[in-house]
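Asker: Fold the following, please.
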Amino acid sequence: MKIGILQTGHAPEAMTEKFGEYHELFRSLLDGNGFSFDTYSVVDGVFPDSADAADGWVITGSRHGAYEDHPWIPPLEDLIRQTRDSGKPMIGVCFGHQIIAQALGGKVEKFPGGWSVGRTEYDLNGKTVTLNAWHQDQVTELPEGAVVQGSNDFCRNAMVAYGDTIWTVQAHPEFSNEFLTELMRTRGKGVVPDALLEEAAQRQDGPNDNAEIARFMADFLKKERA
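Answerer: Below is the predicted model:
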């Protein structure tokens, strides 16, 4: 099964030698499931010819806002709608979560409550899961037909399903604790409040559920659909 990775941002240059680019994090996360991968750096204007270029799609995170005026956002939204109409599976993570909601009629905005950073607990269909968060923007209004599957008090639309072909998550199952710690160091200072960075750093060494969410994502992509 060929998975197309739509890369919507770049990792900090200081981190890429050790951790790789964002698309490489997803390749590692989904490795061992029989997938092959093609990456399209849509943030740089590189797009597939159509939704038929892959059997399933993953949209990465980004430092950009879904509501910002970038030339690559409208064609990405067109591709999202085309993928939805094709019935091919699609997963969105952080910015991917947000841009899918926006493309399908929802609303994304800078959340007045501020940032969510570091290891964070979510209720996923009645089960507590812990993932690394790194976001200030949130989906504040859902498209028609979207169903919330995961949330917490700070982020009520944290995991969302659109029928049985699209699933999105606000947090980052592709971010290891070590990656998030380094991200706080390289991008956090002067952007995220110092007190929040310090609090997040103190709880960053605990376990997370990246592997469980990776299995869910792989099964979702491989699921047989009528």
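Asker: what about Lys107, neighbour count?
Answerer: A total of 15 residues lie near Lys107 under the criterion other CB atoms under 10 Å. No exception for glycine: its C-beta is placed from N, CA and C like everyone else's.
Asker: likewise the one 4 residues further on?
Answerer: The burial metric for Phe111, expressed as a neighbour count using other CB under 10 Å, is 16.
Asker: For it, give me its contacts.
Answerer: Phe111 makes contact with 136-138, 140, according to CB atoms under 8 Å, 6 or more residues apart in numbering.
Asker: mind redoing it with 10 Å?
Answerer: Residues near Phe111 by CB atoms under 10 Å, 6 or more residues apart in numbering: 135-140, 154-155.
Asker: okay, Thr186: pLDDT?
Answerer: Note on Thr186: pLDDT of 88.
Asker: how far away is Val160 from Gln202?
Answerer: Using CB to CB, to the nearest Å, Val160 is found at 30 Å from Gln202.
Asker: Compare the two and say which is more crowded by neighbours.
Answerer: Val160 (24 against 9).
Asker: tell me the centre residue of the chain?
Answerer: A centroid search over the chain (CA atoms, centre = their mean) returns Val93, at 1.0 Å, as the residue closest to the centre.
Asker: Does that residue touch Leu29 like I think?
Answerer: Yes - the criterion here is CB atoms under 10 Å, and Val93 meets it with Leu29 at 9.4 Å.
Asker: Give the residues shared as contacts by the two.
Answerer: Each of 58, 172-175, 213, 217 lies in contact with both Val93 and Leu29 under the rule CB under 10 Å, 6+ apart.
Asker: Give me the subset of those that lies in helices.
Answerer: Judged by DSSP state H, the shared contacts of Val93 and Leu29 include 213, 217 as members of helices.
Asker: quick one: which of the shared contacts of Val93 and Leu29 is nearest to Gly20?
Answerer: Proximity of the shared contacts of Val93 and Leu29 to Gly20 (CB to CB) peaks at Glu174, which lies at 10.3 Å.
Asker: measure the closest one to Asp205 for me?
Answerer: On the measure of CB to CB, Glu174 and Asp205 end up 19 Å apart.
Asker: same check, this time on Ile99
Answerer: From Ile99 to Asp205 the distance is 32 Å (CB to CB).
Asker: The two: who's more crowded?
Answerer: Ile99 (28 against 10).
Asker: What score does the nearest residue to that one once chain neighbours are set aside have for pLDDT?
Answerer: Nearest non-adjacent residue to Ile99, counting by CB to CB, 6 or more residues apart in numbering: Ala66, 4.5 Å away. Note for Ala66: predicted pLDDT of 98.
Asker: again, but for the one 5 residues further on
Answerer: According to the predicted model, the pLDDT of Pro71 comes to 98.
Asker: That one: what's it in contact with?
Answerer: Going by CB under 10 Å, 6+ apart, Pro71 touches Gly45.
Asker: and what of Gln82?
Answerer: Listed by CB under 10 Å, 6+ apart, the contact partners of Gln82 are 48, 50-52, 88, 103.
Asker: can you tell me which two in those are farthest apart?
Answerer: Based on CB to CB, the longest span within the contacts of Gln82 runs between Asp52 and Ala103 and measures 18.0 Å.
Asker: Show me which of those two is the more surrounded one.
Answerer: Using other CB under 10 Å as the criterion, Asp52 and Ala103 rank with Ala103 on top: 23 against 12.
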